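[1] Could you look at this predicted model? Sequence included:
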Number of protein chains: 2
Amino acid sequence: MKHVTPPTSLDALFRPRSVAILGASDDATRISGRPVRYLIEGDFKGSIFPVNPNRETVQGLKAYKSLADVPETPDVALLAVPAALTEQAVRECVEKGVKGAVIFSAGYAESGEDGLAIQARIADIARAGGLRLLGPNCLGIFNPQIGFYGTFTQSLDKEMPFPGPLGIISQSGAYGSHIAYLARKRGIGINYWITTGNEADVDVAESLEWMATQPDIKVIMAYVEGVRDGARFRRALGLARENGKPIVMMKVGRSEIGARAASSHTASLAGSNAIYDALFRQYGVHRATTTEEQIDVAYACARGIFPKGDKLGVVTLSGGAGVLISDAAERNGLDVAPMPEAAQKILKDLLPFATVVNPVDTTAQALNDMNLLAKNIEVILEQGGYDALIGFFTTVPNTRTLSKPLRDAIAKGCANFPDRLIALQMIADPEVVKDYEQAGFLVFEDSDRAVAALAALTRFGRSLSRPSGEAHIAPAAPIGKSALSERAAKDLLGKAGITFLDERLATDAASAGAAANAIGYPVVLKIVSPDVEHKTEIGGVLVGVADRKAVEAGYATLIERAAKHRPDARIEGVLVAPMAKKGVEVIVGVSRDPVFGPAVMFGLGGVHVEVLKDVTFRLAPFGRDEAMRMIDEIRGRALLSGVRGAPASDVDALADLLVRISEFAAAHADDIETVDLNPVIAWPKGEGAVALDALVVPRRDLH
Amino acid sequence: MKHVTPPTSLDALFRPRSVAILGASDDATRISGRPVRYLIEGDFKGSIFPVNPNRETVQGLKAYKSLADVPETPDVALLAVPAALTEQAVRECVEKGVKGAVIFSAGYAESGEDGLAIQARIADIARAGGLRLLGPNCLGIFNPQIGFYGTFTQSLDKEMPFPGPLGIISQSGAYGSHIAYLARKRGIGINYWITTGNEADVDVAESLEWMATQPDIKVIMAYVEGVRDGARFRRALGLARENGKPIVMMKVGRSEIGARAASSHTASLAGSNAIYDALFRQYGVHRATTTEEQIDVAYACARGIFPKGDKLGVVTLSGGAGVLISDAAERNGLDVAPMPEAAQKILKDLLPFATVVNPVDTTAQALNDMNLLAKNIEVILEQGGYDALIGFFTTVPNTRTLSKPLRDAIAKGCANFPDRLIALQMIADPEVVKDYEQAGFLVFEDSDRAVAALAALTRFGRSLSRPSGEAHIAPAAPIGKSALSERAAKDLLGKAGITFLDERLATDAASAGAAANAIGYPVVLKIVSPDVEHKTEIGGVLVGVADRKAVEAGYATLIERAAKHRPDARIEGVLVAPMAKKGVEVIVGVSRDPVFGPAVMFGLGGVHVEVLKDVTFRLAPFGRDEAMRMIDEIRGRALLSGVRGAPASDVDALADLLVRISEFAAAHADDIETVDLNPVIAWPKGEGAVALDALVVPRRDLH
């Protein structure tokens, strides 16, 4: 795995060698005093320059009257001044040549039009002066490796974080503080913590991009309400995957109420929830549902072992727990595969009382001879070939006499399998937990949470080893803003590789008849007009037209109906099409997300899409494997495998169609609003898939 | 709510006044010594009689040579003797007149045929002697109110439980110990803890029935692998609901692997997972997915407040947390309804910086004036009318200066609303948590878990106030074991109130023609035979038969086909039926669960049932409300409300049909295997629902 060069303009902000605090207070409990206190207590490896016009010293450090008085140019300035003084402070930073500034104060974009204008002005000043800005309305940054605390978060009051492989990026300062506190409590060290607030300059996408390129980061936690720069965000996710850094994401605003609350909280654009889901699936990001899950998965990621497959071995002292874990494994998509028969015999010889299939229930008897337990675990890992192992030990590790022998026995059993991920359910005091963790195990109080985390790491194992498959699609010649008829849409998409039926445009009754003769009866007749999006609504489609005479009459009928219902519509003629062979109806579409651009939708047709919403999305463009994953993840997938004796459908042809439409959408990212292929008929395996109808709506609000 | 009289024969076992320990050991760390130790340390309010032929004293208590030597008849005997001596010990208990015995040792039904036979013999001896048995292969009982510890569970080694409103019943001793430990850790007191093991006599159903009638129990946690006595279990659930006691259930074996592991763990019959789901929905039992969730919900239940509606108010110091909670509320079916506009204005006047819609984000500013915060909460509860309130306070309650003022402020704000359920998200030391709990709040570290628990209590609020709706259905005259033709099945079900089309049985071509004339054309013709279950497979159905001539010819065709494909089939004739008006196709069925008896299934027809498994079950019989809940919980419910301009279906008629079939199924609980009504056509509202086909399969293994 190669590390891509980071966007170095942020290095000084996140890893400064010197810091000035504008408005530094001598009172360590105040917002403007806390960063000074944290920098001192954190033993910052660099110079600290408090700036305060009214004091000689601040918290024991020499204070300066103004930034100009500071004897060197600090890398970073923390602006702990009221909103009214911020603009002036930013100017001073620019004059001094400071590389990065953190703006704590609120009252900008989040407070209305006026605030937004001031924020924009400050951002302009900074940009012109080569100053990078974090905030405003943020809680700042910290970097415990160098003792840099550019933050006033209250959550560090009692205890400071310690360095480690975790990076945190949060648009919410409070949530960022919350998860940093929980991570520390869970024993996870943090190397960078960044809260982006209103994102006048540095945003979550750029921070992610920077974090994805840091060698001292092994896992990234992020909290996102909305993304401003969709392309950069997407690039950052790709970069993180390429660099082997799992991202554990809390993207809020799934619900309507959530989205409402999110937009009243920051000034960000909330892309639709389904699009975020698509994006995260596409780039192998774990989207956490709960905070606890986010911490669990990040904790497990920090261990750095990602299972190569989904086989889970289970060792338990209690049969009941074995059942519970089996249920959890099924729910989470892990395979509690049985031990090979020969291996079961070995286990049975070791522990006659044990249940040995998998879960392996050693019963509490195993605790009587720890060598047997070790041997047991070794056999399970060796002969069972499990990618991950979970052990259920309830409160046993917390008993004084058994704690160390048990730990040693498990360690001995696992010694030859450093690539297997081992998680233990146990309830014990913090120092006991730490001992077990240092022996190489993940520790969870709850077995369900352990299984969920193992499953997440298994998915990471798959996604991190997946080729990025990114294709650059060159923009195609624009299609203009005018509406397209079905015929024009099919021409355009046909050139892009989409298959349609052998259809012919007829411009009079006679040519319609001739076309039908050539195609063979019965045929379908459809009115063709760029101004009629929904043909059936005006009776613009005739099916099963049986002979030449009927075709000629039908031609006239359609022209009449169009003239009656849409007297102003431009009529290109009538499309004569063969009746399509039966198959499974699916729907394929493209819609343009305002943040992330074109997304391709796939689902089963009819009631499946309308009532059950059984559809899935991916951002365009994507490759064949991704298309296959789309097809496989709809709930009604079995319909494409053949039910009630029907043959399996040509999913290869469907995947191909999805790839082509995604490439078309990417090439027209800027000038297409939506594409509908509805229905697409999937014929049996080997016979292809064909779109019966096509609608292309150009984007009208081009700027 | 009235309390039903408990089955008193278990009182002595669960609340004994005196206990003998057979095989009592002087070594308090051994299995046979631990119960003595626990009884002494737990300060048992009664007499303790250690029985040990080889010692004068046991752990400082006078020991007896044999049970016969004990100077009085103990209520309970704990049999801490090896399996080989158990039968003799049970005989001695019977001779002595002991009321209940607990058998700890394993090696019975769970170990194979021989063990099963011994277990049955022991059970017979006990039953004949009026002795109630718990176990074998169980961890026993405890009752901290009277210091009764009839258990050797290792989980009490460090700390003993304390009394409280929780009752625990577990088929697994290890899991029972595990959740008892977690409950204590969470601050929940336990009044009864019962592990049932192999259930030679006392089973989970009877324990539940007993617990459901104890006035000192407010919430019941249970762990179940399989139920032996389905009727009693069902009755117990009904009793618990009637007595206002919520049940928080861990029923394992959802997955195939889980079910496999469960049956190798105990000797119980695992009813199918969908039937358990149905049963729990029907009786308002909360089925927990994870142990953590089980503890969370039981913890919240112990507070004893069950919201009357689903409106959730949210107060938060952080906008981000507000979004997170809103998402969680939507996921859990709670309604984060906005504050009335007038109330929003009041809040805005109190805290100009706040977001006041709901979630109400007071920002950290609210902490500057606790009176304002109290007022804020009061306004939210009063004007918003929320049934439950959640507050997000992260680590603030753990700060020395703010902890008490914050607690007091919240308490003051809630003072006038004792019926509202208040949950606080906070991370704090255990003693701080306790202080907050004593002020009347539920405390959760994780806001998602808090919301999930509030939602569970809201569902309890609904189900506990629901009339039991239990109807006793008298058994009907048995239908015999012979197969029924469609015609016979329809006759039978028609009498039970199911609607069919106006169909006529014809026994020759001429009468078929006459019947068709009377019905009107076109008609459907179907072969009628008790021996042909699937008519279409032999071409036994003709649809759209257009005139008398075709009907007469059709009659002959069907008779010929039947003769050809099933020469041995008894042919009753041909059914002449009208073509059914179009409507929405649904499927209704009855299947007999070996443990719980007949269950009614409802779902949408065709692909919905076959591919999407979009069906739901209830145990028969049930009333109209339950039938409505069935209809409402299928995923494709919208299809019955009318889509694509179709009219809404007659769900009243469907509900009626479900009630009728459930009553029919209950009346024939013993002699019917399955019923299929497939399809049933639901016509538009007011027009009814009709079953087109009917299949009744009698039970053949009647004993």
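    That came through fine.
[2] What's the mean pLDDT across stretch A:291-301?
    Averaging pLDDT along stretch A:291-301 gives 97.
[3] where's A:Arg91, which helix or strand?
    helix A:83-96 (DSSP states H and E).
[4] ok, which stretches of the stretch 351-500 of chain A are strands?
    Counting by DSSP state E, counting those that start in this stretch, the segments of the stretch 351-500 of chain A that form strands are A:360-361, A:388-392, A:421-425, A:442-444.
[5] Is chain B within reach of stretch A:342-357?
    Yes: Stretch A:342-357 lies within reach of chain B by C-beta under 8 Å from any C-beta of the partner chain, at A:355, A:357. Bear in mind the C-beta positions are built from the backbone N, C-alpha and C, glycine included.
[6] Ends of that stretch, what's the gap?
    End-to-end distance for stretch A:342-357: 11 Å, by C-alpha to C-alpha, to the nearest Å.
[7] again, but for stretch A:616-623
    15 Å.
[8] cool, and stretch A:124-142?
    Stretch A:124-142 end-to-end distance (C-alpha to C-alpha) = 25 Å.
[9] Show me the strands in the stretch 1-150 of chain A, by range?
    A:18-22, A:47-51, A:57-58, A:61-62, A:76-79, A:100-103, A:132-134, A:140-143, A:148-151.
[10] Indicate which one of these is closest to B:Tyr276.
    strand A:140-143 (49.8 Å; C-beta to C-beta).
[11] Tell me how far the closest one lies from the chain's centre.
    Distance, stretch centre to chain centre, for strand A:140-143: 24 Å (C-alpha atoms, centre = their mean, to the nearest Å).
[12] Same question for stretch A:64-74.
    Worked out by C-alpha atoms, centre = their mean, stretch A:64-74 lies 43 Å from the chain centre.
[13] what does stretch A:533-550 give?
    The mean C-alpha position of stretch A:533-550 is separated from the chain mean by 45 Å, C-alpha atoms, centre = their mean.
[14] Please identify the buried residues of it?
    A:535, A:538, A:540-542, A:545, A:548, A:550 (16 or more other C-beta atoms under 10 Å in any protein chain shown).
[15] Among those residues, which lie within helices?
    If you go by DSSP state H, those have A:548, A:550 in helices.
[16] okay if I get the buried residues of stretch A:533-550 as JSON lines plus distance to chain B and pLDDT?
    Output for those, formatted as JSON lines (distance: C-beta to the nearest C-beta, whole Å; pLDDT from 0 to 100):
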{"residue": "A:Lys535", "distance to chain B": "16", "pLDDT": "88"}
{"residue": "A:Ile538", "distance to chain B": "16", "pLDDT": "90"}
{"residue": "A:Gly540", "distance to chain B": "18", "pLDDT": "92"}
{"residue": "A:Val541", "distance to chain B": "16", "pLDDT": "93"}
{"residue": "A:Leu542", "distance to chain B": "20", "pLDDT": "94"}
{"residue": "A:Val545", "distance to chain B": "23", "pLDDT": "94"}
{"residue": "A:Arg548", "distance to chain B": "29", "pLDDT": "95"}
{"residue": "A:Ala550", "distance to chain B": "23", "pLDDT": "95"}
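[17] The buried residues of stretch A:533-550: which two are farthest apart?
    A:Ile538 and A:Arg548 (24.6 Å).
[18] Could you tell me which residues of the stretch 101-250 of chain A lie near chain B?
    Counting by C-beta under 8 Å from any C-beta, the stretch 101-250 of chain A sits next to chain B at A:154-155, A:157-158, A:170-175, A:177-178, A:181-182, A:185, A:223, A:225, A:250.
[19] In ChimeraX, select just the buried ones from those residues.
    Selecting the buried subset of those in ChimeraX, with 16+ other C-beta under 10 Å as the burial test, is done by:
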select /A:154,155,170,171,172,173,174,175,177,178,181,182,223,225,250
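[20] who's in contact with A:Ile661?
    A:493, A:496, A:498, A:588, A:590, A:600, A:620, A:675, A:677 (C-beta atoms under 8 Å, 6 or more residues apart in numbering or on different chains).
[21] Where does it sit: helix, strand or coil?
    Following DSSP: H, G, I helix; E, B strand; the rest coil, A:Ile661 is assigned to helix.
[22] what's the spacing between A:Met249 and chain B?
    Distance, A:Met249 to chain B, using C-beta to the nearest C-beta, to the nearest Å: 13 Å.
[23] What are the phi and psi values at that residue?
    phi -110, psi 130 (degrees, to the nearest 10).
[24] and it, how many neighbours?
    A:Met249 has 23 neighbours, counted by other C-beta atoms under 10 Å in any protein chain shown.
[25] domain parsing for chain A?
    With domains defined by automatic domain parsing, chain A comprises A:8-301, A:312-464, A:502-578, A:584-698.
[26] so where's chain A uncertain?
    Flagging of chain A using pLDDT under 70 yields the residue ranges A:1-7, A:256-271, A:468-470, A:701-703.
[27] How about the residue nearest the centre of it: what's its closest non-neighbour residue?
    Closest to where the C-alpha atoms of chain A average out (C-alpha atoms, centre = their mean) is A:Phe280, at 2.4 Å. Nearest in space to A:Phe280, with sequence neighbours left out and distances taken as C-beta to C-beta, 6 or more residues apart in numbering or on different chains, is A:Arg287 at 4.7 Å.
[28] which residues sit in contact with the one you found?
    A:249-251, A:276-277, A:280.
[29] 7 Å instead?
    By C-beta atoms under 7 Å, 6 or more residues apart in numbering or on different chains, A:Arg287 lies in contact with A:249, A:251, A:277, A:280.
[30] for those, which one is nearest chain B?
    Set against chain B, the nearest of those by C-beta to the nearest C-beta is A:Lys251 (9.5 Å).
[31] Assess the claim that that closest one and A:Ala274 are in contact.
    No: using C-beta atoms under 7 Å, A:Lys251 is not in contact with A:Ala274; the gap is 11.7 Å.
[32] Could you tell me which of the contacts of A:Ile661 are located in helices?
    A:Leu493.
[33] Just the buried ones from the contacts of A:Ile661?
    Buried among the contacts of A:Ile661 by 16+ other C-beta under 10 Å: A:493, A:498, A:588, A:590, A:600, A:620, A:675, A:677.
[34] isn't the third one right up against A:Leu677?
    This points to A:Val588. Yes: proximity of A:Val588 to A:Leu677 meets the contact threshold set by C-beta under 7 Å, at 4.3 Å.
[35] Identify the bridge partners of the closest residue to A:Leu61 other than its chain neighbours.
    In space, and not counting its chain neighbours, A:Leu61 is closest to A:Pro50: 5.4 Å by C-beta to C-beta, 6+ apart. Beta-bridge partners for A:Pro50, by DSSP bridges, are A:Ile21.
[36] Next up, the contacts around A:Val437.
    That one is not Val; residue A:437 is Glu. A:187, A:443.
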